[in-house]
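> here is a sequence with its predicted model. Questions after.
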Amino acid sequence: MTSTWLKNGIILLAVIAGVVAVAVVRQERAKPADIQEGASATLSAPAALPRMVDLGADKCIPCKQMAPILVELRQEYAGRATIEFVDVWKDPGAGEPYGVRMIPTQVFFDRDGKEVWRHEGFLPKTEIVAKLKELGAE
């Protein structure tokens, strides 16, 4: 009886370890580093396209949840909007020009480079898409 419990426990631990390994690999594939990293120099530069800057860190949980969304948006809106990521843990000064109080923070700019809206915390893809459309990124 004890031997069966031990074997089942070992099998369960192996399955859990496998699931965790798959989750880690998937998360690594969609790291925020895959996003075009923006520097503070781009803060006031006028752009021909609407722009969203996501300020976060590759270790923060809500930021990790945002990462695959940002990767998708960057691909889906190529040529229609600019999607940038700034890691404020790797470069603490990078968030200062944006007035970041918490991460993640998303800052939206119109075609003239003027900030028009910002959000703090996780922002679902549907809300980002709605805001980009509002800014003319059809």
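Yep, that arrived.
> drop to CA atoms for contacts and neighbour counts, all remaining ones
Fine.
> so where is the protein shaky, pLDDT-wise?
1-47 (pLDDT under 70).
> outline the domain layout of it.
Using automatic domain parsing, the domains assigned to the chain come out as 1-30, 32-134.
> all strands of the chain, in order?
Ranges of strands in the chain, per DSSP state E, are 36-37, 51-56, 82-87, 105-109, 115-120.
> most tightly packed of these?
Burial of these is given as mean neighbour count (mean count of other CA atoms under 10 Å); strand 51-56 ranks first at a mean of 26.
> helices or strands up against it?
strand 82-87, strand 105-109 (3 or more CA pairs under 8 Å, 6 or more residues apart in numbering; DSSP states H and E).
> can I get these in a markdown table including distance to residue 116?
Below are the helices and strands packed on strand 51-56 laid out as a markdown table (distance: least, CA to CA, whole Å):
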| stretch | distance to residue 116 |
| --- | --- |
| strand 82-87 | 15 |
| strand 105-109 | 6 |
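> ok so, going back, just put the strands of the chain in a markdown table and tack on distance to residue 98.
Rendered in a markdown table, the data for these read as follows (distance: least, CA to CA, whole Å):
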| stretch | distance to residue 98 |
| --- | --- |
| strand 36-37 | 15 |
| strand 51-56 | 9 |
| strand 82-87 | 10 |
| strand 105-109 | 8 |
| strand 115-120 | 10 |
